[in-house]
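> pasting the sequence and the predicted model now:
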Amino acid sequence: QVPLVASGGGSVQAGGSLRLSCTASGYTYSSYSTIAMGWFRQAPGKEREGVAAIASTTIYADSVKDRFTISKDNAKNALYLEMNSLKPEDTAIYYCACLRSASLGTRDVTYWGQGTQVTVSS
């Protein structure tokens, strides 16, 4: 198993921005560049849901489209999620994950990283 370490969470007011990062260790450049990865989130009392995923293409949940941007730096074995125009309903623990393919489905996750808390106040 390859550790995925997420960071960048915090508390912001509505309308603010945050950038989440996720670093994977143990991959070579060539292997990491082929892996699909994604961000998921889980709010209190709710099921974990897909937010964004990236492989050769990117996909987003409707709730975050045009506000969030997922990107991947293969040279750094890093995954990012730029979050703008944050809303209170974006409050959740955000998890990075390795995927079988670019998908927002939790059943396509092959490995979960740790979570990072994002809190958006109104």
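Received the coordinates, thanks. What you are looking at is a predicted structure, and each value in this text was computed from that prediction instead of being measured.

> which residue is nearest the centroid of the protein?
Nearest residue to the geometric centre of the chain (CA atoms, centre = their mean): Trp39, 2.3 Å.

> so where's the chain uncertain?
Scanning the chain for pLDDT under 70 picks out the ranges 1-2, 28-30.

> now the strands for it?
4-7, 10-13, 18-24, 36-42, 49-54, 58-60, 68-73, 78-83, 92-99, 109-121 (DSSP state E).

> and the angle from the last one to strand 18-24?
Meaning strand 109-121. Between the axes of strand 109-121 and strand 18-24, defined by axes from the mean of the first three to the mean of the last three CA atoms, to 10 degrees, the angle is 160 degrees.

> what strands line up against strand 109-121, and which way round?
strand 10-13 (parallel), strand 92-99 (antiparallel) (DSSP bridges).

> as a markdown table, those with mean neighbour count and distance to Leu20 would be great.
No exception for glycine: its C-beta is placed from N, CA and C like everyone else's. Listed next are these as a markdown table, based on neighbours: other CB atoms under 10 Å; distance: least, CB to CB, whole Å:
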| stretch | mean neighbour count | distance to Leu20 |
| --- | --- | --- |
| strand 10-13 | 13 | 10 |
| strand 92-99 | 23 | 6 |
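
> closest to Tyr111 out of the ones you listed?
With CB to CB as the criterion, Tyr111 lies closest to strand 92-99 of the strands paired with strand 109-121, at 4.2 Å.

> for the closest one, C-alpha coordinates in PDB please.
What follows is strand 92-99, C-alpha atoms only, in PDB (Å, rounded to 0.1, in the frame of the first residue of the first chain):
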ATOM      1  CA  ALA A  92     -16.700  18.000   5.000                       C
ATOM      2  CA  ILE A  93     -13.700  15.800   5.400                       C
ATOM      3  CA  TYR A  94     -12.000  15.600   2.100                       C
ATOM      4  CA  TYR A  95     -10.200  12.400   1.000                       C
ATOM      5  CA  CYS A  96      -7.800  11.700  -1.800                       C
ATOM      6  CA  ALA A  97      -7.900   8.300  -3.400                       C
ATOM      7  CA  CYS A  98      -6.400   6.100  -6.100                       C
ATOM      8  CA  LEU A  99      -9.000   5.000  -8.700                       C
END
